[in-house]
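Undergrad: sequence and predicted model, in that order:
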Amino acid sequence: MAGEGDKVRIVSLRGGKGFQDRLFGMGLNVGAEVEIIQNWRGGKMLVVHEGTRFFLGGGMAQKIHVIPV
């Protein structure tokens, strides 16, 4: 799990087509770089990508695999 203030790159998505389509619609696809703004208990996260903030529930966040940038 990434911590607050970390900048990461999405390397894979583990979820169905609906999940992937939802993330693609937000611009969060493989290769996208995001910064973790807040990381709550249960895996909920507030992230920023290209100046836009997104809230990800714990289930969604756990399906996104990242590496540090």
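TA: Happy to help now that I have it.
Undergrad: for the rest of this, base every contact and every neighbour count on C-alpha atoms.
TA: Will do.
Undergrad: residue furthest from the geometric center of this structure?
TA: Within the chain, K17 marks the point farthest from the mean C-alpha position, 16.3 Å out by CA atoms, centre = their mean.
Undergrad: for it, give me its contacts.
TA: Shown in contact with K17 (CA atoms under 8 Å, 6 or more residues apart in numbering): no residues.
Undergrad: any idea of the pLDDT on R41?
TA: If you check R41, the pLDDT there is 86.
Undergrad: I'd like to know how far it sits from G58.
TA: As judged by CA to CA, to the nearest Å, R41 and G58 stand 9 Å apart.
Undergrad: more crowded one of these two?
TA: G58 (15 against 7; other CA atoms under 10 Å).
Undergrad: and for the residue lying closest to E35 once chain neighbours are set aside, the neighbour number?
TA: Leaving aside its sequence neighbours, E35 sits nearest to K7 (CA to CA, 6 or more residues apart in numbering; 4.3 Å). For K7, the number of neighbouring residues by other CA under 10 Å comes to 19.
Undergrad: contact partners for K7?
TA: Counting by CA under 8 Å, 6+ apart, K7 touches 33-36, 68-69.
Undergrad: and those, which are buried?
TA: Among the contacts of K7, those scoring as buried are 33-36 (criterion: 16 or more other CA atoms under 10 Å).
Undergrad: out of these, name the ones that lie in strands.
TA: Using DSSP state E, 33-36 are the members of those that sit in strands.
Undergrad: any idea which of these is closest to A2?
TA: Nearest to A2 among those: I36, at 7.2 Å, using CA to CA.
Undergrad: and that closest one, how close does it get to K17?
TA: Applying CA to CA to I36 and K17 gives a distance of 24 Å.
Undergrad: mind listing what's buried in the lengthiest helix in the chain?
TA: Identified as the longest helix of the chain according to DSSP state H is helix 17-26. Judged by neighbour count using 16+ other CA under 10 Å, the buried positions of helix 17-26 are 20, 23.
Undergrad: gap between it and the chain center?
TA: The chain centre lies 12 Å from the centre of helix 17-26; the measure is CA atoms, centre = their mean, to the nearest Å.
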